[in-house]
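Trainee: Need a 3D model of the following:
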Amino acid sequence: MVDTAAGPLATAARDIAATAAGLAARMAEQRHIDAGLVTAMREAGFMRHLAPARYGGAGGTLADLLDAVATLGEACPATAWCASLFASTPRFVPCFPEAGQKEFWADGPDTAFVCSVLPFGEAVPDADGDGLRVSGRWPYMSAVEHADWVVVCARSTGAGGPRLTLVAVPASAVRIEDTWDSVGMRATGSDTVVLENVPVPAGRYVDRDAVFAGRTADGTAIAPLAAVNGLTFVVPALGAAQGALAELTRYLAGRLTEVTPTPGMPGPGGSLATHEMTLARSAAEIDSARLLLTRIARLADEGGPFTGPAIARNMRDSAFTVELLLSAVNRVFRAAGTGGQAARGPLERFWHDVNAVATHQAVQFEPAAHHYARALFTTP
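Mentor: Have a look, this model is predicted:
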């Protein structure tokens, strides 16, 4: 693997990873992340890592978050997924009005947010004032049962015409339907959020375009969502791929040293070259993915520039790294043979989880390629 200097968040992640590894099978059966792991994430600083310093946040970097999330993913990709989402959402909460921000972080910087930017709801003006009334159903809200605030997207209507609005509501105002039963990322508890005519005051909503563009309430520039959004979803898969490769390495080390090859018979000893190529090629793909993801994080940490071509390149690289990681994990799973496919075993979870990540609409290569090509054609 690529050598990285572990920061304090990644160091804390090692302890969480050790616990998550022991809980992974049970959490997959229960389809929800363990509450104790979420508490450990808070204590380790995941929720505050990208929160603003003025509210007690760490003001951390995406590069450090990458290391920490990948560390979790090596033990339990679903835990890494939840940690990545908890850590990433506070980055764009400063796009909300200042009044809302003060409310969100009134009790400190470790507020747990979950978010969906897809417009599955409707918002209408509140007859009593300048707020909104929001109703709708938002599926696939990972770890929502552990959230303090829920951010969802709704189509709103008003004098200025229809627009897409992000609204934040306290978790106590939502109803959660137990709908998550997926083959991959089973332990994420990505259930459905239901709002029924919930009032949302003015300080708790913002145009979605502001978040997508990185326009904060106080004018501080942050990376546009498209420039960094892929990291949130891909880095857990990076950790999973690293974990899968480590599992195969341990498995083959035992098989190749313990089994005496029989001339003319198939078996691990007679496939040494194949196994060597599997290990080398998969490791190269995983290392390449990490290098590309690190470049995405570095651009954001350095403050840009977020030109059209730079954003399009980041979108391209996010989608491409998923393909690299998927290729590596599928090859690893195939190379492990029957012995590596134990139900509820770690290799099976890594395989399921990376394949699940690869289906996420935020990391599909075709739309990323479209944006990349358009940026090339339209940039002088």
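Trainee: any low-confidence regions in the chain?
Mentor: Low-confidence segments of the chain (pLDDT under 70): 1-6, 158-161, 255-270, 379-380.
Trainee: strand partners of whichever strand in it runs longest, parallel vs antiparallel please.
Mentor: Using DSSP state E, we find that the single longest strand of the chain is strand 113-125. Using DSSP bridges, strand 113-125 pairs in its sheet with strand 132-141 (antiparallel), strand 149-156 (parallel).
Trainee: Do I have it right that Ala202 meets Pro97?
Mentor: Yes: counting by C-beta atoms under 8 Å, a contact exists between Ala202 and Pro97, whose distance comes to 6.9 Å. To be clear about C-beta, it is placed using only N, CA and C from the backbone, and glycine gets the same treatment.
Trainee: quick one, strands of this protein?
Mentor: Going by DSSP E, the chain shows strands at 113-125, 132-141, 149-156, 163-170, 175-177, 191-200, 205-207.
Trainee: can you give me the helices for the stretch 201-350 of the chain?
Mentor: In the stretch 201-350 of the chain, the helices defined using DSSP state H, counting those that start in this stretch lie at 208-213, 225-258, 272-301, 308-335, 346-357.
Trainee: Please identify the most buried of these.
Mentor: Sort the helices of the stretch 201-350 of the chain by mean neighbour count, taking mean count of other C-beta atoms under 10 Å, and helix 346-357 sits at the top with a mean of 24.
Trainee: Name the residues that touch that one?
Mentor: Helix 346-357 has contacts (C-beta atoms under 8 Å, 6 or more residues apart in numbering) with 21, 24-25, 28, 76-78, 81, 182-186, 233-234, 236-237, 240-241, 243-244, 247-248, 251, 322, 325-326, 329-330, 332-333, 336, 340-342, 363.
Trainee: Could you do stretch 298-306 as well?
Mentor: Identification of contacts with stretch 298-306 by C-beta under 8 Å, 6+ apart yields Thr61, Leu62, Ala63, Gly214, Ala221, Ala223, Pro224, Ala227, Val228, Ala310, Asn314.
Trainee: That one: end-to-end distance?
Mentor: Distance across stretch 298-306, first residue to last, is 12 Å (C-alpha to C-alpha, to the nearest Å).
Trainee: what's the spacing between that stretch and its chain's center?
Mentor: Put simply, stretch 298-306 sits 19 Å off its chain's centre (C-alpha atoms, centre = their mean, to the nearest Å).
Trainee: Please apply the same query to stretch 121-137.
Mentor: Relative to its chain's centre, stretch 121-137 lies at 29 Å (C-alpha atoms, centre = their mean).
Trainee: Now do the buried residues in it.
Mentor: Across stretch 121-137, burial judged by 16 or more other C-beta atoms under 10 Å covers Gly121, Ala123, Asp126, Gly131, Leu132, Arg133, Val134, Gly136.
Trainee: Check stretch 43-57 too.
Mentor: The neighbour-count check on stretch 43-57 (16+ other C-beta under 10 Å) flags Ala44, Gly45, Phe46, Met47, Arg48, His49, Leu50, Ala51, Pro52, Tyr55, Gly57 as buried.
Trainee: still on that earlier bit, could I get the buried residues of stretch 121-137 as JSON lines with distance to Val69?
Mentor: Below are the buried residues of stretch 121-137 laid out as JSON lines (distance: C-beta to C-beta, whole Å):
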{"residue": "Gly121", "distance to Val69": "29"}
{"residue": "Ala123", "distance to Val69": "32"}
{"residue": "Asp126", "distance to Val69": "38"}
{"residue": "Gly131", "distance to Val69": "35"}
{"residue": "Leu132", "distance to Val69": "33"}
{"residue": "Arg133", "distance to Val69": "36"}
{"residue": "Val134", "distance to Val69": "31"}
{"residue": "Gly136", "distance to Val69": "29"}
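Trainee: Distance to Ser172 added to the strands paired with strand 113-125, as JSON lines?
Mentor: Formatted as JSON lines, those follow (distance: least, C-beta to C-beta, whole Å):
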{"stretch": "strand 132-141", "distance to Ser172": "15"}
{"stretch": "strand 149-156", "distance to Ser172": "10"}
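Trainee: Let me know which of those is the nearest to Asp178.
Mentor: Asp178 lies closest, by C-beta to C-beta, to one member of the strands paired with strand 113-125: strand 132-141, at 11.8 Å.
Trainee: Mind listing residues that contact the closest one?
Mentor: Strand 132-141 has contacts (C-beta under 8 Å, 6+ apart) with 114, 116, 118, 120-126, 147, 150, 152-154, 156, 165, 167, 169, 176-177, 179-180, 190-200, 205.
Trainee: How about stretch 167-174?
Mentor: 93, 96, 100, 104, 113, 123, 132, 134, 144, 147-154, 193-195, 198, 200, 204-205.
Trainee: still on that earlier bit, using CSV, write out the CA atom coordinates for the longest strand of the chain.
Mentor: Provided in CSV are the C-alpha atoms of strand 113-125 (Å, rounded to 0.1, in the frame of the first residue of the first chain):
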residue,chain,number,x,y,z
PHE,A,113,-26.0,15.1,10.5
VAL,A,114,-27.4,12.8,7.8
CYS,A,115,-28.2,14.2,4.4
SER,A,116,-29.9,13.5,1.1
VAL,A,117,-29.6,16.0,-1.7
LEU,A,118,-32.2,14.2,-3.9
PRO,A,119,-35.6,16.0,-4.2
PHE,A,120,-37.9,13.4,-2.9
GLY,A,121,-40.2,15.9,-1.0
GLU,A,122,-42.2,19.0,-1.4
ALA,A,123,-42.0,22.3,0.5
VAL,A,124,-44.7,24.9,0.6
PRO,A,125,-44.7,28.4,2.3
